[in-house]
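Asks: Sequence and predicted structure below; questions after.
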Amino acid sequence: MKTVSVIGVCAVFLLAGSTYGQTILIRPGSSVGYCYADDMEGLSYTYGFKILFMANKFQRYGVLVNQFSVLADERHDYLSTGLFLEQILFNYFNMGIGTVGYINTLRWGENPFGLYSHLGFEYSFNTRFSIVAAYQSEFIFRKSFTMNSAFLLEAGIKY
């Protein structure tokens with residue numbers, strides 16, 4: 001059911017963007033890093049995508065959807081979704097921030113919210129394809145505050 005909901009939300013955003021006549025950037029990506037909290041500590045990884053609309057040449061807004069996993073003593077898995085803003089400075093410096101909700105996919109009950117950000121480098125190969133390499137941070141406001149730091153790599157396709 002969760003997969004159907006995510007696909008439905010993505011389809012609505014794509015349809016709305018194409019009927020509005022706006023350029024859409026789809027950026028699948030993944031990250032590997034380290035997660036730390038009072039009750040867990042270990043390797044983390046994410047994979048997912050962003051659907052971003054172009055406000056202008058240097059600003060974007062959209063939706064972030066990721067699968068976030070922590071390999072600690074006890075495994076923690078979240079489906080994270082949220083709103084995202086992005087800014088490009090000096091044609092190559094990429095920074096973004098967003099509010100994210102985390103849906104626990106392993107245990108019933110704890111569904112925290114958090115703040116997602118990244119700082120990095122974006123290189124465009126042409127008008128349609130680009131790549132982003134960045135430092136990603138996630139602050140998850142759960143019972144024991146959680147911080148995730150990771151290296152992020154994404155490839156973007158504009159249409």
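Replies: Thanks, I have it.
Asks: tell me which element residue 143 falls in.
Replies: When secondary structure is defined by DSSP states H and E, residue 143 falls outside every helix and strand.
Asks: OK, contacts around the residue minimising distance to the centre of the chain?
Replies: Nearest to the mean C-alpha position of the chain, by CA atoms, centre = their mean, lies residue 64 at 4.4 Å. Neighbouring residues of residue 64 by CB atoms under 8 Å, 6 or more residues apart in numbering: 48, 50, 80-84, 98, 100, 116. From N, CA and C alone the C-beta is placed, and that goes for glycine too.
Asks: Of these, grab the buried ones for ChimeraX.
Replies: Under the burial definition 16 or more other CB atoms under 10 Å, those of those that qualify are selected in ChimeraX by:
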select :48,50,80,81,82,84,98,100,116
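Asks: now, the most widely separated pair of the contacts of residue 64?
Replies: The span of the contacts of residue 64, defined through CB to CB, is set by 48 and 83 at 14.4 Å.
Asks: coming back round to it: in what element of secondary structure is the residue nearest to the centre of the chain found?
Replies: strand 59-71.
Asks: Please name the strands paired to that strand in the sheet, noting orientation.
Replies: strand 41-54 (antiparallel), strand 75-89 (antiparallel) (DSSP bridges).
Asks: Low-confidence stretches in the protein?
Replies: 1-21, 73, 109 (pLDDT under 70).
Asks: for it, what spans make up the helices?
Replies: 2-20 (DSSP state H).
Asks: Tell me which residues touch residue 127, please.
Replies: Per CB under 8 Å, 6+ apart, neighbours of residue 127: residue 158.
Asks: ok, residue 46 touching residue 30?
Replies: Yes. Using CB atoms under 8 Å, residue 46 is in contact with residue 30, at 6.2 Å.
Asks: and for those two, which residues touch both?
Replies: residue 152.
Asks: out of those two, which sits in the more crowded spot?
Replies: residue 46 (22 against 16; other CB atoms under 10 Å).
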